[in-house]
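1. sharing a sequence plus its predicted fold:
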Number of protein chains: 2
Amino acid sequence: MVKHYTAPLDATFFALSDPTRRAVLARLAEGEATVTDLAAPFPMTLAALTKHLTLLERARLIVREKTGRTVQCRLRAAPLKDATDWMATYERFWPAQFDALDAYLAKQTITAKEPACPQPKPKPFDSHGASPRHGNASSGRGRTRKS
Amino acid sequence: MVKHYTAPLDATFFALSDPTRRAVLARLAEGEATVTDLAAPFPMTLAALTKHLTLLERARLIVREKTGRTVQCRLRAAPLKDATDWMATYERFWPAQFDALDAYLAKQTITAKEPACPQPKPKPFDSHGASPRHGNASSGRGRTRKS
DNA sequence: CTTAAACTTTACCATATGGTAAAGCATTAT
DNA sequence: ATAATGCTTTACCATATGGTAAAGTTTAAG
């Protein structure tokens, strides 16, 4: 019944590939909640949500703890770090951007007289015409409703 | 036949949930390659790999361009930025960590004499070993706090 | 012209999702 | 004791994966 994942990242990325599950994580980021609480916003049965929770738990993104009749769910975001680390490997292929470190170094370069270090300009490999969008990028949070 | 994704992130994360596809991206990070080149390391038919490539293309993580008889595939990592941005929302729930900026500041504080310059690591790609377990210490991106 | 290469497409399969409905099971109210 | 809560589990379905084998298509060689 349960797919055999060859690597933890398989489960992590798969768990994140569903909008309902991402919304559940977003909700849990605000604090633990019961299964019924989590199910409330969605147009699906409790049974369906239980399945999603099982997947999230398998990916170690949440933990469920039964307390009497209810079940408290809590976020466990550690796997997200590994996933982010993996993606960071491809950072130099992203469209141009600035983050805290870039800003920090840029500031150093500008204010400080010393030309810090020759910035390793991310080799433009291709610059794939993608627009140099900056800011957010449609982050999750907004529970993408599926109906 | 093709699943209808409610959001781009669905396709991105799903594409990343398979070790073969992650290995393909790793290979493409070293430069474009033909379908046959990409298929070589895997114990599966070309037809099977074509399916993976179709999924990757659907997620806009690669582009295929037919040149004569062969098809060149190129990486398009832009979607990874959106995915990373989404995960960054949960950074405060990660276990204690150090990223490039932390390391930089720590170094400044501890050995204030060092010629501060976060070296761009050589980027050790796990050659499509399907197990991207490189313990990369989170490369620093992540600080992408919007707002 | 004929054949081989390099892919893609088309059946076909087995399994996992994503859902629902209904039955189970503790636990808590009444 | 009985009924209602809060989940989970068990069929059951439809669809998408992940693969294979075999046929189809271009394009390049001989």
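-> Great, that's in hand.
2. the helices in chain A, which residues?
-> Remark: helices assigned in chain A by DSSP state H are A:8-16, A:19-28, A:35-39, A:46-58, A:78-88, A:100-111.
3. out of those, nearest to A:Val71?
-> Within the helices of chain A, the stretch nearest A:Val71 is helix A:35-39; the backing value is 5.0 Å (CB to CB). Where you see a C-beta, it was placed from the backbone N, CA and C, and this is true even at glycine.
4. near DNA strand D at all, the closest one?
-> Yes - legend: contact between helix A:35-39 and DNA strand D by CB under 7 Å from any atom of the strand is shown at A:35-37.
5. measure A:Cys82 to B:Pro19 for me?
-> For residue A:82 the amino acid is Asp, not Cys. Distance, A:Asp82 to B:Pro19, by CB to CB, to the nearest Å: 14 Å.
6. overlap in contacts, these two.
-> In terms of CB atoms under 8 Å, 6 or more residues apart in numbering or on different chains, A:Asp82 and B:Pro19 are both contacted by the residues A:Leu9.
7. can you pull out the low-pLDDT segments for chain A?
-> A:1-5, A:96-147 (pLDDT under 70).
8. what residues go with each domain of it?
-> Domains of chain A are assigned by automatic domain parsing as A:8-79, A:94-126.
9. among the residues of helix A:35-39 next to DNA strand D, which one has the most neighbours?
-> Counting neighbours by other CB atoms under 10 Å in any protein chain shown, A:Val35 comes out on top of those with 17 neighbours.
10. list the contacts for that residue?
-> A:46, A:49-50, A:53, A:64, A:70-71, A:73.
11. any of the residues you listed buried? List them.
-> Buried members of those, counted by 16 or more other CB atoms under 10 Å in any protein chain shown: A:49, A:53, A:71, A:73.
12. within reach of DNA strand D, which of the residues you listed are there?
-> Restricting the buried ones among the contacts of A:Val35 to those near DNA strand D by CB under 7 Å from any atom of the strand leaves A:53, A:71.
13. from A:Val63, how far off is A:Ala77?
-> 11 Å.
14. oh sorry, the question was meant for A:Thr70
-> For A:Thr70 relative to A:Val63 (CB to CB), the value is 14 Å.
15. leaving out sequence neighbours, find the closest residue to A:Leu56.
-> Computed as CB to CB, 6 or more residues apart in numbering or on different chains, the closest residue to A:Leu56 that is not its neighbour in sequence is A:Ile62, at 4.6 Å.
16. ok, that neighbour touching A:Leu75?
-> Yes - between A:Ile62 and A:Leu75 there is a contact under CB atoms under 8 Å: 6.0 Å.
17. any shared contact partners between these two?
-> Common neighbours of A:Ile62 and A:Leu75, counting by CB under 8 Å, 6+ apart, are A:25, A:28.
18. returning to what we had before: out of the helices of chain A, which is closest to B:Leu25?
-> The nearest among the helices of chain A, by CB to CB, is helix A:78-88 at 9.7 Å.
19. send me that closest one as PDB with only the CA atoms.
-> Extracted as PDB, the C-alpha positions of helix A:78-88 are listed here (Å, rounded to 0.1, in the frame of the first residue of the first chain):
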ATOM      1  CA  ALA A  78      13.400  19.500   9.800                       C
ATOM      2  CA  PRO A  79      13.000  17.700   6.500                       C
ATOM      3  CA  LEU A  80      12.500  21.000   4.800                       C
ATOM      4  CA  LYS A  81      16.000  21.900   5.600                       C
ATOM      5  CA  ASP A  82      17.400  18.900   3.800                       C
ATOM      6  CA  ALA A  83      15.100  19.700   0.900                       C
ATOM      7  CA  THR A  84      16.300  23.300   0.800                       C
ATOM      8  CA  ASP A  85      19.900  22.200   1.000                       C
ATOM      9  CA  TRP A  86      19.400  20.000  -2.000                       C
ATOM     10  CA  MET A  87      17.800  22.800  -4.000                       C
ATOM     11  CA  ALA A  88      20.500  25.200  -2.900                       C
END
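20. that concludes my questions; thank you for your assistance.
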